[in-house]
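Undergrad: Quick one, fold the following:
(one chain, ligands or ions: 1)
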Amino acid sequence: MLALFRVDPPATRSREAKCQHAGMSVDGYRAMTSALRDFLDLVATAGPGADVDALTTDLRRWTDRLAPHRVDESRRVFGERFDLPDRGQTMTPLFVPRLVTTVRAEGVARFGEYFLGSNGAAHGGAVPLLFDEVLGHVVLARGLRARTAYLHTEYRAITPIGRDLTVRARVDRVSGRKLFLTAELSDGDAVCAESEALFVELRDGAP
Ligand SMILES: CCCCCCCCCCCCCC(=O)SCCNC(=O)CCNC(=O)[C@H](O)C(C)(C)COP(=O)(O)OP(=O)(O)OC[C@H]1O[C@@H](n2cnc3c(N)ncnc32)[C@H](O)[C@@H]1OP(=O)(O)O
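TA: Residues are numbered from 1 along each chain as shown. Have a look, this model is predicted:
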């Protein structure tokens, strides 16, 4: 999981600068992570006939191409593209925000095949991953540096793979540095999962 950082104009500028420095256009980076999501979904769905040896050779070649570009965390782009709906990362299920305010967030979520647990249901660990992401949007919109202290998830029904789902999150209560939030994931009228979380605003100097 990631720590949250204040989103303000200087931070945004530095993120844009990171991409320019890396020679990555806005559209180019978006297309790359989208292609990577598609690839991961297809890896997950591949049957025994897939040409695994050739793919492994190709993948190894791409890995070797990327290896010299490794940079320290402060200069990385993955997950730092706050101008893109998925932050330019593939670690979490897709979340496309429709609305993000300081008190709530709402959007469309989709679990690709990559997140399958079994029998059409998303992996149980992927559901809180989505909630943490969505709640993170609300906390970030408040301009806070905060971290998840707990995230309790109740699984009400299976979370289906490959469908557009609705996810909603809200701030229920604030007490000093503590933010109590709740979130809900639904498939049409059916609630798939609910979550209660505590985010704690970091003390000055906390890593
Ligand atoms: C443009 C928009 C883009 C949006 C992008 C979105 C990006 C999304 C990115 C994804 C986002 C992902 C985000 C992530 O995933 S963040 C990564 C996952 N989380 C962590 O790694 C956190 C690890 N833990 C810590 O760092 C510390 O323990 C924290 C910072 C949480 C508190 O340590 P700190 O030393 O600061 O505080 P304190 O210990 O004095 O406690 C303070 C108060 O809190 C209460 N308390 C603490 N813990 C618990 C607990 N477990 N249950 C109940 N209560 C708890 C405590 O009793 C006390 O209450 P009170 O006595 O004051 O009443």
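Undergrad: per-residue confidence for the closest residue to residue 172 other than its chain neighbours?
TA: The spatial neighbour of residue 172 that comes closest, neighbours along the chain excluded (CB to CB, 6 or more residues apart in numbering), is residue 180 at 4.9 Å. Yep, even glycine has a C-beta here, placed from its N, CA and C like the rest. Note on residue 180: pLDDT of 98.
Undergrad: And residue 7, by the same measure?
TA: Residue 7 is given a pLDDT of 36.
Undergrad: Please shift the residue numbers so they start at 57 in all later answers.
TA: Renumbered: residue one is now 57, and that last one reads residue 63.
Undergrad: On the three-state scheme, residue 162 is what?
TA: In three-state terms, and counting by DSSP: H, G, I helix; E, B strand; the rest coil, residue 162 is strand.
Undergrad: now swap in residue 112 and tell me
TA: Going by three-state DSSP: residue 112 is helix.
Undergrad: What about it, how many residues nearby?
TA: Residue 112 is flanked by 10 other residues according to other CB atoms under 10 Å.
Undergrad: Residue 90 should be in a strand, yeah?
TA: No. Using three-state DSSP, the assignment for residue 90 is helix, not a strand.
Undergrad: For residue 161, see how far away it is.
TA: 22 Å (CB to CB, to the nearest Å).
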